[in-house]
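[1] Predicted model follows, preceded by the sequence.
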Amino acid sequence: MLVRTESEAHKTLRVDRFVAALGTPDALTSLARRLGALVARLHAAPLPDGSAVAPAIASVLARDPEGFAQEQADVSDRYAARVLADWERFRRVLTERGPSLGLPADAADAPGADQRALFGIPPAVRSF
């Protein structure tokens, strides 16, 4: 019997896994290339109405590929800064107000019988 520690739905990229050989600049560049190719394939698929998005994307990229790459890097930097700031705000509120984030407990929020049958009993809340 095979027991999975991670379901298919939970397979993600996690920065804590980018260590040793997986965290080198070459490994990260290779990953970025593979993920970029995947995104390109997804964008190349026709829309439900049959129209194609890829030619429009290609024409924009052809005009200024370096500018596009720089724009994407800038957006990524700004987004990463926001994620880090959001995480710090969340940790602060979690520490100050507890796992309910200050919301009072309400019996009406408890899972109903159908939800408990589908998902089981929620785990105990742990503090960070």
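    Nice, thanks for sending it over. Numbers count the residues shown, from 1 in each chain.
[2] residue contacts, Ala44?
    Each residue near Ala44 by Cβ atoms under 8 Å, 6 or more residues apart in numbering is listed here: Ala52, Val53, Ala54. Heads up, the C-betas are built off the backbone N, CA and C, glycines and all.
[3] pLDDT score assigned to it?
    pLDDT recorded at Ala44 is 81.
[4] going forward, begin numbering at 265 instead of 1
    With 265 as the first residue, the last one maps to Ala308.
[5] ok, so of the contacts of Ala308, who is nearest Leu365?
    Val317 (39.7 Å; Cβ to Cβ).
[6] How far does the helix or strand where Ala337 lies sit from its chain's centre?
    Under the criterion of DSSP states H and E, Ala337 resides in helix 329-361. Offset of helix 329-361 from its chain centre (Cα atoms, centre = their mean, to the nearest Å): 12 Å.
[7] And the next helix or strand past that helix?
    Downstream of helix 329-361, the first helix or strand assigned by DSSP H and E is helix 377-383.
[8] State the mean pLDDT of that next one.
    Per-residue pLDDT over helix 377-383 has a mean of 83.
[9] Contacts for it, please.
    For helix 377-383, the external contacting residues (Cβ under 8 Å, 6+ apart) are Pro375.
[10] For that helix, what is the distance to the chain centroid?
    Relative to its parent chain, helix 377-383 has a centroid offset of 27 Å by Cα atoms, centre = their mean.
[11] Can you tell me which of the contacts of Ala308 end up in helices?
    Secondary structure from DSSP state H places Ala318 of those in helices.
[12] helices or strands next to the helix holding Ala337 in the packing?
    Counting contacts by 3 or more Cβ pairs under 8 Å, 6 or more residues apart in numbering; DSSP states H and E, helix 329-361 packs against no other helix or strand.
[13] Give the residue spans of the chain that score low on pLDDT.
    For the chain, the stretches with pLDDT under 70 are 265-275, 386-392.
[14] farthest residue from the center of it?
    Ala371 (31.8 Å; Cα atoms, centre = their mean).
[15] if I look at that residue, how far off is Ala333?
    Applying Cβ to Cβ, to the nearest Å, the value for Ala371 to Ala333 is 54 Å.
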